[in-house]
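Chemist: Turn this into a model:
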Amino acid sequence: MDWSVGILAAVIGYVLGSISFARVINRFVAPSVDVARTELPMVGSEDKLQMPVSGTAVSVQLGAKWGMFTALLDILKVALPTLIFRLAFPNTHYFLIVATLGVVGHIWPIFHRFKGGRGLSPIYGGLFVVDFIGAWATSFGGLLLGLLVVRDVVVAFMAGIWLMIPWLWFRTYDVWYLAYGIAVNILFVVAMLPEIRQVMEARKKAGGANLTQDLDAIPMTRMIAKMANRLGLLKKT
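Modeler: Okay, here's the model as predicted:
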């Protein structure tokens, strides 16, 4: 490996990943609204869940259409440079560096005091290039795991990321791919920690009640929940 190219890949991935399209869309579509102050009520608790600046927050504040557009831009800001490096440097792993650092930039953007989103869209943006079939297989596999096995909307929303690790290993038996899968999972969990702590604290105050279903206010989660309810797949609570 040429470390100068590796460093270039890391810098490009991080800088492009640091572009906060949630803030860009917010500024041009509804400057009077601040997506950085998005809060979700949690039924059974007086606490509110503080959302990160992301496509999810845009969905809540400006509607699902703008949220999906933001998510698409977040996917492309990682997918395109990852694809360029994969084509420019075939039979190397530089593109995995771009994909990983793109997620780092999204979560801790240098342009916005290191306050960004959770990384779901840029993770899939990189995965579409790293393993196009895997991006679809893990996302739908995560949905099936969450809805049919665990029967929990939040698990259905997140499990696709977890499935990346075994999928990439058994598809490639390449330690670089495995390292990439593990790295983005760690980044995703770390990015989610503030929200996880908020939910756990709210649960304690509510006597251990399950409050995660109150994330129904998020358009994507609500869509999954509606589909699951129609199929009778969710746990009765």
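Chemist: now the strands for the protein?
Modeler: 39-41, 48-50 (DSSP state E).
Chemist: what sits against S32?
Modeler: Contact analysis of S32 by Cβ atoms under 8 Å, 6 or more residues apart in numbering lists nothing. In this view, the C-beta of every residue, glycine as well, is placed from N, C-alpha and C.
Chemist: Can you pull the phi/psi pair for it?
Modeler: Backbone torsions for S32, taken as degrees, to the nearest 10, come to phi -80, psi -10.
Chemist: how close does it sit to M68?
Modeler: Applying Cβ to Cβ, to the nearest Å, one obtains 22 Å for the distance of S32 from M68.
Chemist: do the same with F114
Modeler: Separation of F114 from M68 (Cβ to Cβ): 26 Å.
Chemist: Give me the more crowded residue out of those two.
Modeler: M68 (16 against 11; other Cβ atoms under 10 Å).
Chemist: Surely that one and T56 touch.
Modeler: No - M68 is not in contact with T56 according to Cβ atoms under 8 Å; the separation is 10.6 Å.
Chemist: residue ranges for the helices of this protein, please.
Modeler: Applying DSSP state H to the chain gives helices spanning 3-17, 21-29, 55-62, 64-88, 94-107, 120-130, 132-144, 153-162, 164-172, 175-205, 219-230.
Chemist: is it possible to export those to TSV including distance to E39 and mean pLDDT?
Modeler: As requested, the helices of the chain are exported to TSV (distance: least, Cβ to Cβ, whole Å; pLDDT from 0 to 100):
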stretch	distance to E39	mean pLDDT
helix 3-17	25	96
helix 21-29	15	91
helix 55-62	9	84
helix 64-88	16	94
helix 94-107	20	97
helix 120-130	19	95
helix 132-144	27	89
helix 153-162	18	78
helix 164-172	30	95
helix 175-205	10	85
helix 219-230	16	52
